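Student: next one to model:
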Amino acid sequence: MKQVKLDLTGGIKRLRAATTQIVNTRFIGRYKSVFKGRGLEFAGYRPYTPNDDASTIDWKASVKSKKLLVKEFVEERNLNIFFIMDVSSSMVYGTIDKLKMEYAGEIAAAISYSVLQAGDGIGFVMFNDKIVKAKPPETGVIQYQNFIKALVNPNNYGGKYDLNEALKYVLAFLKEDSIVIIISDFIGLKKEWEKYIKIISRKYDLIGVMIRDPRDRTLPDYSGQAVLEDPYSGRQLLVRPEFIEEDYKKYVLKEEQTIRKVFFEADADFVELTTDKTFVEPLTNLFKKRAGRHR
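Tutor: Prediction:
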């Protein structure tokens, strides 16, 4: 098989810079209200403050004490957040100033930083058509640093794609009650991937994060011949974009609807992102939805 040669110097530098800046966004800080621990123990009441969510007010206790009170809980956390990171060749692609792998790395860095701050554990597997790199869940700054080093290592990127193998790998060792986050463009899915999504969703709290470049959804507005290349095989096809543009859009729309439906039917969370827009707002909205379910 021909070895994939990649020049990721610029992308890796931007990703490294982004991981040092991402912690300043308002995306950070919602982690504890979203990823709940295994149990909550009532610890008592305290006065309500303007920074508290009004929905946490205990109105019965407040009437008796004649002041607004909120319940306090001690949470048994001990959570493990496990990232399944797509590092195949299709992720090393971008038509704007950010590759999909950069965008994915920033998301993983942001969430894992929040996990670190909460004292929970993170683990990860990076995959193409095989397991490229993996670390079981651990707590502490060293684990976080190892994850970031793996994300910015160009040797970890490129190759074919097999989500099934990554899911089977995780099912074999990751303990139940973990939270699994798949970050991928979901391009090149093989048969039976739906089955493995359902299996992993029954065992873990599953979140799917689909990242697409704008060009993944639409062909360029170009009245001439263009070359399309398969990111995995390198095969090329000479086409006239204006002749196949509508069929291409329909195919992608149907594909994304199918992916969305599979996660929905598996009772898993799912969010769709594009690299030309910030991930902060969509993920924050997802987190709000999850927090609401946990109240």
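Student: how far does the helix ranked longest in the chain sit from its chain's centre?
Tutor: The longest helix of the chain (DSSP state H) is helix 241-265. Taking Cα atoms, centre = their mean, to the nearest Å, one finds the center of helix 241-265 at 20 Å from the center of the full chain.
Student: same question, stretch 262-276
Tutor: Stretch 262-276 has its C-alpha centroid displaced from the chain centroid by 9 Å (Cα atoms, centre = their mean).
Student: then stretch 141-148?
Tutor: On Cα atoms, centre = their mean, the centre of stretch 141-148 falls 17 Å from the chain's centre.
Student: and R46, what does it touch?
Tutor: Applying Cβ atoms under 8 Å, 6 or more residues apart in numbering, one finds that R46 lies in contact with L69, V70, E72. (Each C-beta comes from the backbone N, C-alpha and C, glycine too.)
Student: what does it show for phi and psi?
Tutor: Per-residue torsions, R46: phi -150, psi 160 (degrees, to the nearest 10).
Student: begin at 764 from here
Tutor: Okay, using 764 as the starting number, the last item reads as R809.
Student: so it versus K829, what's the distance?
Tutor: 15 Å (Cβ to Cβ, to the nearest Å).
Student: buried set for the longest helix of the chain?
Tutor: By neighbour count with 16 or more other Cβ atoms under 10 Å, helix 1004-1028 contains the buried residues P1004, E1008, Y1011, V1015, E1019, I1022, R1023, V1025, F1026.
Student: what is the mean pLDDT for the next helix or strand along the chain from that helix?
Tutor: Next along the chain after helix 1004-1028, taking DSSP states H and E as the criterion, comes strand 1032-1037. Throughout strand 1032-1037, pLDDT has a mean value of 95.
Student: show residues contacting strand 1032-1037.
Tutor: Outside strand 1032-1037, the residues within contact range by Cβ under 8 Å, 6+ apart are 866, 870, 969-977, 980, 1019, 1022-1023, 1026-1027, 1042, 1045-1046, 1049, 1052-1053.
Student: what about the helices in this structure?
Tutor: For the chain, the helices defined by DSSP H occupy 772-784, 794-797, 822-828, 863-881, 904-914, 926-936, 956-966, 977-980, 1004-1028, 1043-1057.
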